[in-house]
Structures are given as structure tokens and as C-alpha cells.
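Q: Structure for this input, please:
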Amino acid sequence: MLGTQFTQGSPSWIDLGSPDPEASAAFYGAVFGWEFQSAGPESGGYGFFRQDGRTVAALGPLTEEGAHSAWTVYFQTSDADATQKAAAAAGGTVRVPAFDVMDAGRMACLTDPAGAEFAVWQPGAVKGLERTSSVNTLVWAELHVSEPESALAFYRTLFGWRWAGLETPDMTYRVVSTAEGDQEDASFGGVAELQGADEGPRWVPYFEVADADAVSHSVRGNGGSVLMPAADVPDVGRIARLADPDGAAFAVLKPVPMG
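A: Next comes the predicted model:
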């Protein structure tokens, strides 16, 4: 599962682009108990979701022309400029060229050849999220695309990712790992075929929860929507796919007990 000792290609940051950050902060505060802290007057409205003083996600206003509310997953890189160049050469799109975020790090906003948006983070003073894989924090990142193998070939070019096929009754699910370490221990996410005709290619963050049904109820009660009701996945846990009031998709997972 995802940790906070980030290596090349591991998810190291997530943020939400919102048309109404104040309302989004209230929604996620109600659902996950997160507290929002502004990054300061020079940040343009950007700030951090915190749990017990630890950063678990971030939030800011929409900045790209034509953008809609969505979660963005950032993958660690040792060289944002080189990764952006490799992405363009492999058929991806550079939406926002690499730039420095004060002394925090360097980032670029990219889109893979299938149309799924993501970003890369070259750490400076900010290494990444401070808490993951615990209740109400990021635990998994999942890519939904029409051609998983083609998408994975693109990301392997960028990050050297490895993957293993997992057969389910509905599809072959690809479990993705970083290039280094034991493949199972280094797994952080997966790739699935698009979940319906109305879904476009995208990265979906999963947050660990204590009760997927209760969180689904809270999401609906606070103006969000349930895209897929909570259901048990053998050997994985209970999962629900949700969206906030502005339509940003995410999922929750109550994992099966380990051991």
C-alpha cells in the first residue's frame, strides 16, 4: 500500500481543483473530518487539508482555462522537466510546463495519450503528503481508461512502473507498482477499463475509511452523489465510488483486515 517514503513514480500528492474552495473545504470537512489551512496570501487561495496537523491532501481554485472540478494525482519525479519531455515524446500533452512552486518543489501538469490528467512533483522543501494508508487518507490511485495496456506502456516510459494482472469476473485489473523494491509491497494503485459510457479517462483517488456505507450516506447528505453504491470486493474490502457536489470523483475503501 501507499506509504510516505516516496520513490520515483509513486503518488506523492493529491489536490482538488474547485470552483468554490470554501464550499469544498466544508464538504470534505464534514465527510472526512479534515481541517483546511491556507498556504498564505501569496498562494492564490491554495491550501492544505490536514488531519491531526498532518497534510493529507490539498485544495485550490480552478486555474486552467476550461477546467472542471477534479482531483489530481501527482507522481514523484527526480526531474520534472525530463519527465515532461518524455511524456510529450510518448504521445502525452503538456498542459502546464514545469515551474517552481516557491521552494516547495517543481511541478508540471500533464495529460496521458488516453486523455487522463495527472501531474508530476519534483520535491524541494515539501516531500509530499504527510499521512497515507490510514483512515480518511489516500490509500490507492486508480486509472480508468479504455485501453489499459496502452496506457501502462506510456507510464512505464515515464516511471518504469511494473504491473500484474488480476482476473475478476468483469475484467482484468492491473495492479501497478513502482520500479523499485518488492513488486507487491511497492504496489500503489491499479488500472481498470472505463466504468461506463458516461465516464471519461481519469485518475480516481481512493481514501481509506472505517465504514464505506456511512461515508456514502454522509456524501449524499452533504450534497454529493453516489456513483457506485458500497459493495464488497473479495480479498480487497468494501468500496464505494462517489462525487462531491461539484462532480469531482473519488472512491472510498474499507480494507479487509490484514493477517
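Q: per-residue confidence at Phe75?
A: Note on Phe75: pLDDT of 98.
Q: Secondary structure of it: a strand, I assume?
A: Yes. According to DSSP: H, G, I helix; E, B strand; the rest coil, Phe75 belongs to a strand.
Q: give me every residue that touches it.
A: Contacts were defined as Cβ atoms under 8 Å, 6 or more residues apart in numbering; by that measure Phe75 touches 9-12, 118-121, 158-159. Every residue, glycine included, has its C-beta placed from N, CA and C.
Q: Closest one to Gln195 out of the residues you listed, please.
A: Within the contacts of Phe75, proximity to Gln195 (Cβ to Cβ) peaks at Phe118, which comes in at 18.1 Å.
Q: Could I get the pLDDT score of the closest one?
A: The score at Phe118 is 98. That number is its pLDDT.
Q: Going toward the C-terminus from whichever strand or helix holds it, what's the next helix or strand?
A: Assigned by DSSP states H and E, Phe118 falls within strand 117-123. Per DSSP H and E, the first helix or strand lying C-terminal to strand 117-123 is strand 138-145.
Q: C-alpha coordinates for that next one, PDB please?
A: Provided in PDB are the C-alpha atoms of strand 138-145 (Å, rounded to 0.1, in the frame of the first residue of the first chain):
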ATOM      1  CA  LEU A 138      -5.200   8.400   0.500                       C
ATOM      2  CA  VAL A 139      -4.700   4.700   0.200                       C
ATOM      3  CA  TRP A 140      -4.800   3.900  -3.600                       C
ATOM      4  CA  ALA A 141      -4.800   5.600  -7.000                       C
ATOM      5  CA  GLU A 142      -6.800   4.100  -9.900                       C
ATOM      6  CA  LEU A 143      -6.600   4.900 -13.600                       C
ATOM      7  CA  HIS A 144      -9.800   4.400 -15.700                       C
ATOM      8  CA  VAL A 145      -9.000   4.200 -19.500                       C
END
